[in-house]
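Participant: sequence first, then the predicted structure:
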Amino acid sequence: MADQLVIIDKNTVEGFLHYKDLIPRLEVVLGKFSKPDSEDIQPLRSTVPLRRYNGFLGLMPAYLVHEDFLCAKTVCFYNRESGSTLASTRATMLLLDSECGNVYAVMDGDAITAKRTAAVSAISAKLLMPAESEVFTILGSGDQALSHYNVFTETFSFKQVRVWSRRRESAERFAQAAPCPVTVCESVEEAVTGADVIVTVTRATEPVLFGRWVKPGAHIAAVGACRPDWRELDDVLMRNAEVYVDSREGAAAESGDIILSGAKVFAELGEVLNGTRPAHREKTTVFKSLGMGIQDAVAAKLVFEQWKCHQ
């Protein structure tokens, strides 16, 4: 690999990363990960506390063995005060030559994090949401809310989209920026009542979504609360739903929604994709998303391939 370091900014990453290309690749790597003979290497995310700023630095290396693709993501994530104008996450991708060890590309990781996370949530919905899903609700109004809105409305057809945020003005800005009509709701209960698909992308550290409000058979993609003592969903919802995850090991170490509720994990998404575990659409389902280094790797590889094609 050449010694010249390539820098790929956020606009370029966004321009090269399309859901129609990303989703199939993510399905392949999730399936491979959940096989007993998986060779892709992804250690658990390690974290460094940033107590002064109420945050953490996460380190997420991954090696896609068959593609000989080595990368690492650094991501800082914070529990911001309500109304803070600072981002709750900041990420950077490092691409390394696996033989020589040098970094040959540095890539914006915010767009990758937003898009690969939303794409995996869409995969969970494709597998688990009710066959006739008409109402889609987003709890939260930040970058992840936008990426989830984009992929869900691009991939599925809903009759109504709702949004709720702790600050109504944030929800209204989100709705105004959306290309299709979005209903702004005053409360979480109003937003989720009767909803078929619910995405939680909040900064909550205590439950905001309660099982008594959720329609039986609904599908929930829970994206926030990525620490073992943070939660978005209450015990009733977690214990009564069929719980799916991206990684059992990751969920056992990092998901407060699972750890604190005592909920049992039914399957990894990869197991459903492989056909070794069923998708129970008829039940209330929760997909607890924590994010995986291999997901970042697949997205970064796609971006770098596209970048090279345009040089």
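Facilitator: Cool, the structure landed.

Participant: host element of residue 138?
Facilitator: Using DSSP states H and E, residue 138 falls within strand 135-139.

Participant: burial count for residue 48?
Facilitator: Look at residue 48: counted by other CB atoms under 10 Å, it has 11 neighbours. (Glycine included, C-beta is placed from N, CA and C.)

Participant: what sits against it?
Facilitator: By CB atoms under 8 Å, 6 or more residues apart in numbering, residue 48 lies in contact with 56-59.

Participant: same check on residue 142?
Facilitator: For residue 142, the contacting residues are 88, 170, 201, 203, by CB under 8 Å, 6+ apart.

Participant: give me the most central residue, the chain.
Facilitator: residue 117 (2.7 Å; CA atoms, centre = their mean).

Participant: touching, that one and residue 150? I think so.
Facilitator: No. Using CB atoms under 8 Å, residue 117 is not in contact with residue 150, being 11.9 Å away.

Participant: name the next helix or strand following the strand holding residue 138 along the chain.
Facilitator: Following strand 135-139 in sequence, per DSSP H and E, is helix 143-155.

Participant: what pairs with whichever helix or strand comes after that next one, parallel or antiparallel?
Facilitator: As assigned by DSSP H and E, the chain's next helix or strand after helix 143-155 is strand 160-164. Strand 160-164 sits in its sheet next to strand 135-139 (parallel), strand 183-184 (parallel), going by DSSP bridges.

Participant: could you look over the ones you listed and pick the most buried one?
Facilitator: Across those, the average number of neighbours (mean count of other CB atoms under 10 Å) peaks for strand 135-139, which reaches a mean of 26.

Participant: mind listing what's buried in stretch 44-55?
Facilitator: Using 16 or more other CB atoms under 10 Å as the test for burial, stretch 44-55 gives 45, 47, 55.

Participant: dump these into TSV; add pLDDT and distance to residue 300 as well.
Facilitator: Below are the buried residues of stretch 44-55 laid out as TSV (pLDDT from 0 to 100; distance: CB to CB, whole Å):
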residue	pLDDT	distance to residue 300
45	93	16
47	93	21
55	92	23
